[in-house]
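K.L.:
pasting the sequence and the predicted model now:
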Amino acid sequence: MTEETKTPELVISRVLNAPRELVFKMWAQAEHLAHWWGPKGFELIVKKLDFKPGGEFHYVMKAANGHEMWGKFIYREILEPEKIIFVNCFSDEAGNSIRSPFMPTWPLEILNTLTFEELDGKTTLTIAGGPINATEEEMEAFRANMAGMGQGFGGTFDKLEEYLATL
(Lines give C-alpha, C1' and ligand atoms only; values in the text may rest on other atoms or scores of the structure.)
Protein backbone atom coordinates (compact mmCIF):
# COMPACT_ATOMS: atom_id res chain seq x y z
CA MET A 1 0.00 0.00 0.00
CA THR A 2 1.24 3.46 -0.76
CA GLU A 3 1.25 6.20 1.82
CA GLU A 4 -0.88 8.47 -0.36
CA THR A 5 -3.47 5.92 -1.45
CA LYS A 6 -3.83 3.87 1.76
CA THR A 7 -5.27 1.24 -0.55
CA PRO A 8 -4.11 -1.98 -2.20
CA GLU A 9 -1.44 -1.52 -4.78
CA LEU A 10 -0.82 -3.51 -7.93
CA VAL A 11 2.91 -3.91 -8.65
CA ILE A 12 4.18 -5.37 -11.92
CA SER A 13 7.77 -5.52 -13.16
CA ARG A 14 9.23 -6.53 -16.49
CA VAL A 15 12.86 -6.75 -17.59
CA LEU A 16 13.19 -5.33 -21.10
CA ASN A 17 16.12 -5.87 -23.41
CA ALA A 18 16.69 -2.16 -24.03
CA PRO A 19 18.55 0.70 -22.33
CA ARG A 20 16.66 2.82 -19.81
CA GLU A 21 16.67 5.99 -21.92
CA LEU A 22 14.95 4.16 -24.79
CA VAL A 23 12.34 2.52 -22.54
CA PHE A 24 11.62 5.91 -20.96
CA LYS A 25 11.05 7.42 -24.45
CA MET A 26 8.41 4.74 -25.10
CA TRP A 27 6.29 6.44 -22.40
CA ALA A 28 7.20 10.02 -23.35
CA GLN A 29 6.56 10.23 -27.09
CA ALA A 30 3.23 9.89 -28.90
CA GLU A 31 4.72 8.12 -31.91
CA HIS A 32 5.96 5.34 -29.62
CA LEU A 33 2.90 5.08 -27.33
CA ALA A 34 0.68 4.58 -30.39
CA HIS A 35 2.52 1.32 -31.17
CA TRP A 36 2.14 -0.47 -27.86
CA TRP A 37 -0.04 1.15 -25.13
CA GLY A 38 -3.25 -0.73 -24.37
CA PRO A 39 -4.54 -4.26 -24.56
CA LYS A 40 -3.78 -6.64 -27.41
CA GLY A 41 -6.23 -6.34 -30.26
CA PHE A 42 -6.78 -2.60 -29.83
CA GLU A 43 -5.52 0.24 -32.00
CA LEU A 44 -4.40 3.29 -30.03
CA ILE A 45 -4.87 6.82 -31.31
CA VAL A 46 -3.14 9.60 -29.40
CA LYS A 47 -5.38 12.67 -29.24
CA LYS A 48 -3.06 14.74 -27.06
CA LEU A 49 0.30 14.26 -25.36
CA ASP A 50 1.69 17.06 -23.21
CA PHE A 51 4.48 15.19 -21.42
CA LYS A 52 5.23 17.44 -18.45
CA PRO A 53 4.02 17.75 -14.85
CA GLY A 54 0.40 18.89 -15.06
CA GLY A 55 0.21 17.79 -18.71
CA GLU A 56 -2.04 15.11 -20.17
CA PHE A 57 -1.95 12.08 -22.41
CA HIS A 58 -5.45 11.70 -23.91
CA TYR A 59 -6.12 8.69 -26.11
CA VAL A 60 -8.73 6.38 -27.57
CA MET A 61 -8.39 2.62 -27.92
CA LYS A 62 -10.36 1.08 -30.78
CA ALA A 63 -11.26 -2.60 -30.97
CA ALA A 64 -11.61 -4.42 -34.30
CA ASN A 65 -15.41 -4.42 -33.83
CA GLY A 66 -15.39 -0.60 -33.62
CA HIS A 67 -15.84 -0.37 -29.84
CA GLU A 68 -13.97 2.65 -28.41
CA MET A 69 -12.61 3.32 -24.93
CA TRP A 70 -11.19 6.72 -24.05
CA GLY A 71 -8.62 7.32 -21.33
CA LYS A 72 -6.15 9.84 -20.04
CA PHE A 73 -3.08 10.26 -17.87
CA ILE A 74 -2.45 13.40 -15.85
CA TYR A 75 1.26 13.68 -15.17
CA ARG A 76 2.30 14.61 -11.63
CA GLU A 77 6.07 14.09 -11.67
CA ILE A 78 8.62 13.27 -14.36
CA LEU A 79 12.24 12.54 -13.55
CA GLU A 80 13.90 11.52 -16.81
CA PRO A 81 14.91 8.68 -17.25
CA GLU A 82 14.11 7.32 -13.77
CA LYS A 83 10.47 7.87 -12.87
CA ILE A 84 7.02 8.96 -14.07
CA ILE A 85 4.13 9.51 -11.67
CA PHE A 86 0.68 9.92 -13.19
CA VAL A 87 -3.01 9.55 -12.47
CA ASN A 88 -4.96 7.61 -15.04
CA CYS A 89 -8.69 7.36 -15.58
CA PHE A 90 -11.32 6.70 -18.18
CA SER A 91 -12.43 9.77 -20.09
CA ASP A 92 -14.88 10.92 -22.69
CA GLU A 93 -13.91 12.22 -26.11
CA ALA A 94 -13.55 15.76 -24.71
CA GLY A 95 -11.08 14.58 -22.06
CA ASN A 96 -13.39 14.77 -19.05
CA SER A 97 -12.86 12.06 -16.41
CA ILE A 98 -15.72 9.56 -16.40
CA ARG A 99 -16.69 6.32 -14.70
CA SER A 100 -15.55 3.05 -16.21
CA PRO A 101 -17.80 2.00 -19.10
CA PHE A 102 -17.69 -1.63 -17.94
CA MET A 103 -17.78 -1.35 -14.13
CA PRO A 104 -19.57 1.52 -12.35
CA THR A 105 -17.80 0.75 -9.05
CA TRP A 106 -14.32 1.04 -10.59
CA PRO A 107 -12.22 3.82 -8.96
CA LEU A 108 -12.35 7.09 -10.85
CA GLU A 109 -8.59 7.68 -10.45
CA ILE A 110 -5.58 5.39 -10.19
CA LEU A 111 -2.23 6.83 -9.09
CA ASN A 112 0.68 5.08 -10.84
CA THR A 113 4.42 5.27 -10.32
CA LEU A 114 6.67 3.98 -13.09
CA THR A 115 10.32 3.35 -12.33
CA PHE A 116 13.08 2.54 -14.79
CA GLU A 117 16.23 0.77 -13.53
CA GLU A 118 19.06 -0.19 -15.87
CA LEU A 119 21.50 -3.04 -15.36
CA ASP A 120 23.83 -4.36 -18.06
CA GLY A 121 21.93 -2.64 -20.88
CA LYS A 122 18.55 -4.03 -19.80
CA THR A 123 15.81 -2.08 -18.05
CA THR A 124 13.56 -3.22 -15.24
CA LEU A 125 10.29 -1.38 -15.72
CA THR A 126 8.05 -1.39 -12.65
CA ILE A 127 4.56 0.03 -12.37
CA ALA A 128 2.94 0.39 -8.97
CA GLY A 129 -0.56 1.77 -8.74
CA GLY A 130 -3.66 2.03 -6.65
CA PRO A 131 -6.88 4.01 -6.29
CA ILE A 132 -6.91 7.52 -4.85
CA ASN A 133 -9.88 9.41 -3.46
CA ALA A 134 -11.77 6.09 -3.60
CA THR A 135 -14.72 4.78 -1.64
CA GLU A 136 -14.49 1.41 0.12
CA GLU A 137 -16.66 -0.07 -2.65
CA GLU A 138 -14.25 1.25 -5.30
CA MET A 139 -11.23 -0.09 -3.39
CA GLU A 140 -12.92 -3.50 -3.18
CA ALA A 141 -13.56 -3.46 -6.95
CA PHE A 142 -9.86 -2.71 -7.47
CA ARG A 143 -8.80 -5.52 -5.11
CA ALA A 144 -11.18 -7.99 -6.77
CA ASN A 145 -9.76 -7.25 -10.22
CA MET A 146 -6.02 -7.22 -9.48
CA ALA A 147 -5.40 -10.55 -11.23
CA GLY A 148 -7.12 -9.33 -14.40
CA MET A 149 -5.16 -6.08 -14.31
CA GLY A 150 -1.96 -8.10 -13.97
CA GLN A 151 -2.87 -10.06 -17.09
CA GLY A 152 -3.78 -6.85 -18.93
CA PHE A 153 -0.52 -5.16 -18.08
CA GLY A 154 1.31 -8.36 -18.98
CA GLY A 155 -0.20 -8.20 -22.48
CA THR A 156 0.55 -4.50 -22.78
CA PHE A 157 4.16 -5.06 -21.69
CA ASP A 158 4.39 -7.92 -24.22
CA LYS A 159 3.43 -5.38 -26.90
CA LEU A 160 6.07 -2.97 -25.58
CA GLU A 161 8.70 -5.72 -25.68
CA GLU A 162 7.74 -6.64 -29.26
CA TYR A 163 7.83 -3.00 -30.33
CA LEU A 164 11.25 -2.41 -28.73
CA ALA A 165 12.61 -5.39 -30.69
CA THR A 166 11.75 -3.57 -33.95
CA LEU A 167 13.76 -0.45 -33.13
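P.N.:
Received it, and whenever you're ready, just let me know what you need.

K.L.:
from here on, just use CA atoms for contacts and neighbour counts.
P.N.:
OK.

K.L.:
so Glu82 sits right up against Glu117, yeah?
P.N.:
Yes: applying Cα atoms under 8 Å, one finds Glu82 in contact with Glu117, separated by 6.9 Å.

K.L.:
next, show the common contact partners of those two.
P.N.:
Taking Cα atoms under 8 Å, 6 or more residues apart in numbering as the criterion, Glu82 and Glu117 both touch Arg20.

K.L.:
so which of the two has more stuff around it?
P.N.:
Taking other Cα atoms under 10 Å, Glu82 and Glu117 do not tie; Glu117 has more neighbours (18 against 15).

K.L.:
pretty sure that one sits against Thr123.
P.N.:
Yes: when contacts are counted by Cα under 8 Å, Glu117 is listed as touching Thr123 (5.4 Å).

K.L.:
where do the contact lists of those two overlap?
P.N.:
Arg20.

K.L.:
residue ranges of the strands in this structure, please?
P.N.:
Taking DSSP state E, the strands of the chain run over residues 10-16, 42-49, 56-63, 68-79, 83-91, 97-98, 109-119, 122-132.

K.L.:
and Ala28, which of those strands is closest to it?
P.N.:
strand 42-49 (8.3 Å; Cα to Cα).

K.L.:
got a list of contacts for that closest one?
P.N.:
Against strand 42-49 from outside (Cα under 8 Å, 6+ apart): 29-30, 33-38, 55-64.
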